[in-house]
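Asks: Structure for this input, please:
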Amino acid sequence: QLQLVESGGGLVQAGASLRLSCTASGRAFGSYTMGWFRQAPGKEREFVATINWSGGIIYYADSVKGRFTISRDNAKNTVLLQMNSLKPEDTAVYYCAADRSMAIATMKKEMEYDFWGQGTQVTVSS
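Replies: Okay, here's the model as predicted:
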């Protein structure tokens with residue numbers, strides 16, 4: 001069982017940067033695949049980025065590739081999402097999630113994630 005708490009959201013102008021943090025409490029954080037998802041108003045939740053237990057496998061959604069960077073520090077039970085060159089279309093509630101399987105093929109799939117944080121709001125103004 002993991003409890004996840006996101007922080008770092010806020011209101012910024014287009015072109016700015018934000019860093020989201022997700023801190024986990026519970027056992028064996030280092031064995032979980034960690035992901036970031038987001039949900040914009042009126043839209044379904046979508047995949048943003050994911051990182052496997054070792055940090056050696058990372059995937060991004062095409063919409064954020066080259067602008068966002070996911071990383072993790074297993075010693076601190078933390079996963080980060082550095083978001084640069086933010087756009088108004090990045091506005092959403094961002095969720096951190098944990099997947100206890102080690103399956104690589106399903107790392108981008110929301111349904112595979114077992115534990116979720118409460119979300120943090122990111123708003124990008126034009």
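
Asks: Check the spacing between residue 11 and residue 61 real quick.
Replies: Applying CB to CB, to the nearest Å, the value for residue 11 to residue 61 is 22 Å. Using the backbone N, CA and C atoms, a C-beta is placed for each residue, glycine as well.

Asks: For those two, indicate the residue with more neighbours.
Replies: residue 61 (16 against 12; other CB atoms under 10 Å).

Asks: The more buried one and residue 45 touch, don't they?
Replies: No. Look at residue 61 against residue 45 with CB atoms under 8 Å: they stay out of range, at 11.9 Å.

Asks: What sits closest to residue 86 if chain neighbours are left out?
Replies: residue 124 (4.6 Å; CB to CB, 6 or more residues apart in numbering).

Asks: ugh, typo on my part, it should be residue 5
Replies: Nearest non-adjacent residue to residue 5 (CB to CB, 6+ apart): residue 23, at 5.3 Å.

Asks: in which helix or strand would I find that neighbour?
Replies: strand 18-26 (DSSP states H and E).

Asks: what about the residue lying closest to residue 2 once chain neighbours are set aside, neighbour count?
Replies: Leaving aside its chain neighbours, residue 2 sits nearest to residue 26 (4.0 Å; criterion: CB to CB, 6+ apart). By the measure other CB under 10 Å, the count of residues near residue 26 is 13.

Asks: so residue 26 makes contact with residue 32?
Replies: No. Applying CB under 8 Å, one finds residue 26 not in contact with residue 32, separated by 9.3 Å.

Asks: what do those two both touch?
Replies: residue 2 (CB atoms under 8 Å, 6 or more residues apart in numbering).

Asks: which residue packs closest to residue 69, ignoring adjacent ones?
Replies: Once flanking residues are discounted, residue 69 sits nearest to residue 82: 4.4 Å by CB to CB, 6+ apart.

Asks: Need the three-state assignment for that neighbour.
Replies: At residue 82, secondary structure determined by DSSP: H, G, I helix; E, B strand; the rest coil is strand.

Asks: Quick one: neighbours of it, just the number.
Replies: 16.
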